[in-house]
Structures are given as structure tokens and as C-alpha cells.
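> Next one to model:
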Amino acid sequence: MDTFKAHLDKFITVSEEEYASIFSFFQVVHVRKKENLMLEGDVCTCKYFVLEGCLRKFFVNEKGVEQTTEFAIENWWIADTFAYEKQIKSSFNIQSVENSRILAIDFQSHELLLEKHPIMERYFRMVYQTAYAAAEKRIRYIYEMTKEEYYVHFSTLYPWFIQRIPQYLIASFLGFTPEYLSEIRAKLRS
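Presented below is the predicted three-dimensional model:
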């Protein structure tokens, strides 16, 4: 079964005919590892659904250090949601971590999709609610856990990230330096 159709089926019910129409609003895009889909300062014109691979959202802080704020692997969405919804310049970058195959939908196509298939409003609402709940949990973990506990929790919850994403990007996401993450990992191994 198609990856995107299976994901839709978790939230809504659409016929094969409806799905064909829904899918026609998207573009399948192949991106190479480290290819940028959006740069800070660009208007966020698209949101992306990962079919295969991994993307990340990040910004460059005042010290010139990249700070990863989000990853998206298979069946996850990624965008600068605020900039996308407002059609304004983004303060983030979106880049492929691995060679990836993704679905992209631009803002105008998204609006037309929602007009033609109102059930997709429910789908996107449920996706946003899930993402918002995950963001709330992440904020709580940052405040409540030590850095070591946060790494252990993350690696337990998402073991596939630890295996497939470079450690310096994991460190960036967790708010650590790569050296500090190495220290934590060494400590946990001993």
C-alpha cells in the first residue's frame, strides 16, 4: 500500500478515487543528502511529507552554530508551520539528512486541496494536534530532565534515530555539543 495513503488511513477514510485526487495536489521530490529544501530568509512556500529518508529543520544561532529543532523521518511532516501559514520569510532552514523521497505541497495547492476535499481539514488538524502534543512533551523533558536523562529518554524512545542520524545532529537537536554527547555516551557504556 502507498505510504501516504496508509498515513491518511490512520486519521481519515477516503476512497481510492478520492485518494488519487488528493495525491494529485502533491509533487514527489527526490533530494540528495545535505540538499537544502528551504533557507532562512526564504518564504516558506511548501510543506513536506517524508516517504523515505530523513529531513531536519534548523537555524544558525548568533555564534554561527547550527541548532536542529526538528527531524522528520518516514510518515512525518516538516515545515516552518508559522511561516507557511502566513506565507512569510522563514527563520529556519530545511535540509535532507539522507537521500530522501518526499511529497511537497505548496500553499496554493494546499488551499485548493482543502477546498476540494474538506476531509483533509480533519487530517491536517489531527496531524497538527499530534505534533503540538509532542512539542509540549519535549519542552517538559527539557525542563525536568538532566541532560543525561534526556539523552537516555530520547535514545530509548527513538532508537532508530541514534542508528541512522549522525551524532553531531543528535547533539544539536538535544542542545548539546557533540563532545558533551560523546562524554554522556562513554559514561553510559562504562
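> shouldn't Trp76 be in contact with Val50?
Yes. Trp76 lies in contact with Val50 (Cβ atoms under 8 Å); the separation is 5.5 Å. Yep, even glycine has a C-beta here, placed from its N, CA and C like the rest.
> higher neighbour count, these two?
Val50 (23 against 18; other Cβ atoms under 10 Å).
> Next one: the more buried one from Val127, what distance?
Applying Cβ to Cβ, to the nearest Å, the value for Val50 to Val127 is 13 Å.
> shared neighbours of those two, which are they?
Trp77 (Cβ atoms under 8 Å, 6 or more residues apart in numbering).
> Bridge partners for the most centrally placed residue in the chain, pull those for me.
For the chain, the residue nearest the mean C-alpha position is Ala72 (3.1 Å; Cα atoms, centre = their mean). In this structure, Ala72 bridges to Leu55 when assessed by DSSP bridges.
> who touches it in this structure?
Applying Cβ under 8 Å, 6+ apart, we find Ala72 in contact with Tyr48, Val50, Cys54, Leu55, Arg56, Lys57, Ile78.
> Which pLDDT value does the model give it?
pLDDT recorded at Ala72 is 94.
> can you list contacts of stretch 97-106?
4, 25-34, 37, 45-56, 71, 113, 164-166, 169.
> Check which helices and strands the longest helix belonging to the chain is in contact with.
Longest helix of the chain, by residue count under DSSP state H: helix 119-144. Using 3 or more Cβ pairs under 8 Å, 6 or more residues apart in numbering; DSSP states H and E as the contact test, the elements touching helix 119-144 are helix 107-116, helix 147-157.
> Out of these, name the one with the poorest average pLDDT.
helix 147-157 (a mean of 90).
> Measure how that one sits relative to helix 119-144, angle-wise.
Here helix 147-157 points in a direction 150 degrees away from that of helix 119-144 (axes from the mean of the first three to the mean of the last three Cα atoms, to 10 degrees).
> For helix 147-157, what is the distance to the chain centroid?
For helix 147-157, the separation from the chain centroid amounts to 19 Å (computed by Cα atoms, centre = their mean, to the nearest Å).
> Could I get the buried residue list for that helix?
For helix 147-157, burial by neighbour count (16 or more other Cβ atoms under 10 Å) applies to Tyr150, Tyr151, Phe154, Ser155.
> which secondary structure elements does it contact?
Looks like helix 147-157 contacts helix 119-144, helix 159-164, helix 167-174, helix 178-189 (3+ Cβ pairs under 8 Å, 6+ apart).
> where's Tyr150 relative to Arg125, distance?
For Tyr150 relative to Arg125 (Cβ to Cβ), the value is 30 Å.
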